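3D model of this:
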Amino acid sequence: MFEALTERLGGVFDKLTGRGALSDADVDAALREVRVALLEADVALPVVKDFIAKVKTEAVGEAVIKSVKPGQQVVKIVYDALVDMLGGDAPAEGLRVHGEPPNVIMMAGLQGSGKTTTSAKLALRLTKTDKRRVLMASLDTRRPAAMEQLATLGKNIGVDVLPIVAGQSPQEITRRALTAARLGGHDVLILDTAGRTTIDEEMMSEAASIAGIAKPGEVLLVADSLTGQDAVETAKRFHDRLPLTGLVLTRADGDGRGGAALSMRAVTGLPIKFLGMGERAEALEPFDAARIAGRILGQGDIVGLVEKAVENVDRAEAEKLAKKMAKGRFDFDDMEKQLGQLIQLGGLKGVMGMLPGVQKMKNQISDAQLDDKQIHRQIGIIRSMTKAERAKPDLLNGRRRARIAKGAGVQVVEVNRLLKMHRNMADMAKAMGKGKMPFGMPGMGGGMPNPEALKQLGSGKSLPGLNPSGLPGLPGRLPGLPGSDKKS
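Purely as a prediction, here's the structure:
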């Protein structure tokens with residue numbers, strides 16, 4: 001998300017921070033480029049005008065012009081303005097699910113915006129993170145497939161779903177769901193309402209009547225971030241008829257511009273509570289204005305990456321691997337686990353997007369042809385090996401490599417690349433066991449590959465620069481994780 005905006009703003013600020021002194025004309029020229037960048041990102045024009053006016057008032061002051069590093073001062077001012085536009089630097093507002101149960105969350109939005117999938121993601125998060133007992137109910141009587149979809153999702157994530165009774169109206173289902181939630185001892189009831197391809201009076205009246213019956217503590221509007229300014233208009237019209245309490249933006253991982261996120265908070269005044277970052281049930285991120293502003297300005301989100309790691313990485317398994325690597329041992333089973341963890345953390349693109357400065361290495365990453373499909377293919381190759389081959393890579397002669405390639409449906413050259421990559425990773429494990437940290441950048445615990453390492457990645461030479469020395473769960477990588485340096 002925000003990839004295009006990050007790249008454009010990065011160019012603007014590189015020019016500013018490279019100068020020893022700034023004139024008013026320099027600041028004006030930079031702000032003109034920032035204005036164009038925001039408009040190209042599909043941010044609403046009134047929002048852009050207010051943003052530029054606020055930044056200009058701060059940026060042309062004497063404190064900036066006479067400061068030791070005026071370029072960095074301007075970047076700081078833009079960062080503060082972004083945080084303010086996205087909701088302020090106060091702690092992110094959580095869900096209102098702390099009253100007398102059942103606490104009702106009502107999901108609203110247009111058809112196809114992702115309400116049903118988001119309902120399941122929210123239910124899983126409440127179950128796993130908040131330890132709440134959740135009941136989901138589909139009110140979309142016009143689309144039986146939507147009701148079946150919610151039932152299937154509930155079964156997959158282990159969350160209760162209200163049984164489907166044919167012929168009931170949405171209002172009747174709401175009353176039945178409230179009764180079932182009370183009798184079943186559920187803490188939270190999530191109501192997945194019906195949508196339309198466009199807003200109409202019938203849909204809005206139905207949603208209003210459901211809200212009147214359920215008295216929800218949260219009414220979340222689910223909007224597709226890829227629709228840009230249409231999502232902003234949708235939010236305004238829903239807000240006029242429903243007591244909305246927050247927004248959820250879906251498919252944010254596919255939105256390279258980010259205009260909807262930057263506009264909706266400013267236009268509606270409603271907090272963005274979550275971002276949908278993929279199809280997986282776990283791919284729902286709490287929205288934090290300060291972290292998002294940091295990502296937009298290319299500063300990454302290390303805290304967010306650590307939080308993801310804590311949620312997804314098995315601590316006992318990580319400590320076991322850390323001890324093994326400290327002895328200089330690293331086999332294909334270990335490699336598969338590391339690749340699997342990378343997928344769990346949001347894939348290669350998701351992890352790289354949360355590391356500071358990675359946007360400046362975009363060309364190297366592109367040249368290396370890095371994507372999650374390649375990682376899945378590598379996992380497939382490892383799974384085509386026997387247990388003995390995984391434990392002892394030296395067994396892999398030409399005949400065995402050909403058999404593995406055939407089993408994985410790849411060319412032998414890809415098997416050879418994986419072997420070369422494993423060899424480098426094993427060498428790094430030995431180096432780490434001796435206290436050396438190859439491929440790293442100062443201050444990152446060896447956790448971020450240098451550009452030269454990235455260039456080699458496509459040929460299987462340097463994924464280790466991102467894996468054992470960069471992925472959470474391994475010794476000395478990110479703060480707060482097993483084996484890490486507490487001072488880092």
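
for residue 403, what are its contacts?
Contacts here follow Cβ atoms under 8 Å, 6 or more residues apart in numbering; on that basis residue 403 touches residue 384. Placement of C-beta: from N, CA and C, glycine included.

now for the helix or strand hosting residue 55, which elements pack on it?
Per DSSP states H and E, residue 55 falls inside helix 45-59. The contact analysis (3 or more Cβ pairs under 8 Å, 6 or more residues apart in numbering; DSSP states H and E) places helix 45-59 against helix 24-40, helix 70-86, helix 259-268.

the strands in the stretch 51-200 of the chain, which residues?
In the stretch 51-200 of the chain, the strands defined using DSSP state E, counting those that start in this stretch lie at 103-108, 134-138, 160-161, 188-192.

mind listing what's buried along whichever strand or helix holds residue 12?
Using DSSP H and E, residue 12 falls within helix 3-17. Residues of helix 3-17 classed as buried under the neighbour-count rule (16 or more other Cβ atoms under 10 Å) are 3, 4, 5, 6, 8, 9, 10, 12, 13, 16.

for it, packing partners?
Against helix 3-17 (3+ Cβ pairs under 8 Å, 6+ apart) you get helix 24-40, helix 70-86, helix 289-296.

same list (those helices) but as TSV, adding mean neighbour count, mean pLDDT and distance to residue 95.
Shown next, in TSV, are the helices and strands packed on helix 3-17 (neighbours: other Cβ atoms under 10 Å; pLDDT from 0 to 100; distance: least, Cβ to Cβ, whole Å):
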stretch	mean neighbour count	mean pLDDT	distance to residue 95
helix 24-40	17	84	30
helix 70-86	20	82	19
helix 289-296	22	80	17
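
distance to residue 281 added to these, as TSV?
Below are the helices and strands packed on helix 3-17 laid out as TSV (distance: least, Cβ to Cβ, whole Å):
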stretch	distance to residue 281
helix 24-40	33
helix 70-86	26
helix 289-296	22
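
show me how this protein divides into domains.
When the chain is parsed with automatic domain parsing, its domains come out as 3-86, 103-287, 302-465.

from those domains, which stretch is densest packed?
Neighbour counts (mean count of other Cβ atoms under 10 Å) averaged over each of those peak at domain 103-287, with a mean of 20.

now the strands of the stretch 51-200 of the chain in CSV, with distance to residue 323?
Putting these into CSV (distance: least, Cβ to Cβ, whole Å) gives the following:
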stretch, distance to residue 323
strand 103-108, 43
strand 134-138, 38
strand 160-161, 41
strand 188-192, 40
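
could I get those as a markdown table with mean pLDDT?
Formatted as a markdown table, those follow (pLDDT from 0 to 100):
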| stretch | mean pLDDT |
| --- | --- |
| strand 103-108 | 95 |
| strand 134-138 | 96 |
| strand 160-161 | 96 |
| strand 188-192 | 96 |
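
give me the distance between the residue of the chain most remote from its centre and residue 393.
Residue farthest from the centre of the chain, counting by Cα atoms, centre = their mean, is residue 399 at 42.0 Å. Distance of residue 399 to residue 393, computed by Cβ to Cβ, to the nearest Å: 15 Å.

and the residue nearest to residue 329 when sequence neighbours are not counted, its phi and psi?
Of all residues not flanking residue 329 in the chain, residue 429 sits nearest, at 6.7 Å (Cβ to Cβ, 6 or more residues apart in numbering). Recorded main-chain torsions at residue 429 are phi -60, psi -40, according to degrees, to the nearest 10.

list the contacts for residue 429?
Counting by Cβ under 8 Å, 6+ apart, residue 429 has contacts 325, 328, 329, 330, 468.

for the residues you listed, which one is nearest residue 115?
Of all the contacts of residue 429, residue 115 sits closest to residue 468, with 40.6 Å by Cβ to Cβ.

go ahead and confirm residue 194 touches residue 147.
No. Checked against Cβ atoms under 8 Å, the pair residue 194 and residue 147 is beyond contact range at 10.0 Å.

starting at the chain centroid, how far to stretch 112-123?
Offset of stretch 112-123 from its chain centre (Cα atoms, centre = their mean, to the nearest Å): 16 Å.

cool, stretch 334-346 as well?
Distance, centroid of stretch 334-346 to centroid of chain: 16 Å (Cα atoms, centre = their mean).

ditto for stretch 31-47
That offset, for stretch 31-47, works out to 24 Å (Cα atoms, centre = their mean).

mind listing residues that contact that stretch?
By Cβ under 8 Å, 6+ apart, stretch 31-47 touches 2, 4-5, 8-9, 11-12, 48, 51-52, 55-56, 59, 78, 85, 228-229, 232, 257-260, 262-263, 266-267.

by mean pLDDT, flag the weakest helix or strand of this structure.
Every helix and strand in the chain was compared by mean pLDDT, DSSP states H and E; the lowest is helix 451-456, with a mean of 39.

center of this structure - which residue?
residue 277 (4.6 Å).

and that residue, backbone torsions?
Here is the backbone geometry of residue 277 (degrees, to the nearest 10): phi -120, psi 30.

hmm, it is touching residue 252, no?
Yes. With contacts counted by Cβ under 8 Å, residue 277 reaches residue 252, the gap being 5.7 Å.

low-confidence stretches in the chain?
Judged by pLDDT under 70, the chain has its weakly predicted residues at 1-2, 18-22, 61-68, 254-258, 298-315, 326, 346-371, 432-488.

for the closest residue to residue 5 other than its chain neighbours, grab phi and psi.
Using Cβ to Cβ, 6+ apart and skipping the chain neighbours, the partner closest in space to residue 5 is residue 41 (4.3 Å). Main-chain torsions, residue 41, degrees, to the nearest 10: phi -80, psi 0.

return the distance of residue 41 relative to residue 245.
Noted for residue 41: a distance of 26 Å to residue 245, by Cβ to Cβ.

ok, now residue 166?
32 Å.

likewise for residue 164?
From residue 164 to residue 245 the distance is 28 Å (Cβ to Cβ).

equivalent analysis for residue 288, please.
18 Å.
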